[in-house]
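> Kindly return the folded structure for what I paste below:
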Amino acid sequence: MVSSIPVSRRGEFPAIPALTPGPRFPYIPAPRPRELRAGVLSFWAETMFAVIRTGGKQYRVAKDDVIVVEKLAGKEGSAVTFKDVVMSGDGSAVKVGKDLAGLTVTGKLVKTEKGDKVVVFKKRRRNTYRRRRGHRQEESHVQITAIGGQK
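The predicted model follows:
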């Protein structure tokens, strides 16, 4: 059987074909979809949104979103009000700073549970020192019911 792969002089390994540019050289990427283009933020166009700060983190929320935040006090079904609103927008204008005076975001506490386990493993080589410890952070699931309102 004759092989179509060229071999080296000794016949042991296949020879590397010459690296020639293909038909698409230089490479020109295909155009990206509208929602993925740089500078185009599609979520600004349709719905009202807000950026809130809770638990040392910021979350972009819209009506009916369910977000997972650090543990909040309260029972399931109770109302939660976020007064620390960083930014707000409705598609035509974006508000930041003093324009947000009095704006709040309200939500409903869906459930509070422990999150996924994070394993902390410490090891010092050549010392027979190994420590394994797990941790599960408590987190709350909040469904956003309204954006806007007075403090």
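
> can you list the weak-confidence ranges in this protein?
1-46, 150-151 (pLDDT under 70).

> try 50 this time
Applying pLDDT under 50 to the chain picks out residues 44.

> just so I have it, where are all the strands in it?
With DSSP state E applied, the chain shows strands at 49-54, 57-62, 66-70, 79-82, 85-89, 94-96, 105-124, 129-147, listed in chain order.

> buried stuff in the third one?
Counting neighbours by 16 or more other C-beta atoms under 10 Å, one finds that the buried residues in strand 66-70 are 67, 69. (Glycine included, C-beta is placed from N, CA and C.)

> Next: stretch 79-95.
Buried residues in stretch 79-95 (16+ other C-beta under 10 Å): 80, 82, 85, 87, 88, 89.

> The residues you listed: which two are farthest apart?
80 and 89 (21.6 Å; C-beta to C-beta).

> so who does residue 136 touch?
114, 115, 116, 117, 118 (C-beta atoms under 8 Å, 6 or more residues apart in numbering).

> now swap in residue 119 and tell me
132, 133, 134, 135.

> Recalculate using a threshold of 6 Å.
By C-beta atoms under 6 Å, 6 or more residues apart in numbering, the contact list for residue 119 reads residue 134.

> So what pairs up with it in the strands?
Going by DSSP bridges, residue 119 is paired in beta bridges with residue 134.

> any idea how far the closest residue to residue 90 other than its chain neighbours is from residue 105?
Of all residues not flanking residue 90 in the chain, residue 48 sits nearest, at 4.4 Å (C-beta to C-beta, 6 or more residues apart in numbering). Distance of residue 48 to residue 105, given as C-beta to C-beta, to the nearest Å: 11 Å.

> Settle it for me: which of the two has more neighbours?
Between residue 48 and residue 105, counting by other C-beta atoms under 10 Å, residue 105 is the more crowded of the two (27 against 14).

> Give the buried residues for stretch 105-121.
So, applying 16+ other C-beta under 10 Å, buried residues of stretch 105-121: 105, 107, 108, 109, 112.

> which residues does the last one contact?
Right, the one you point to is residue 112. residue 140 are the contacts of residue 112 under C-beta under 6 Å, 6+ apart.
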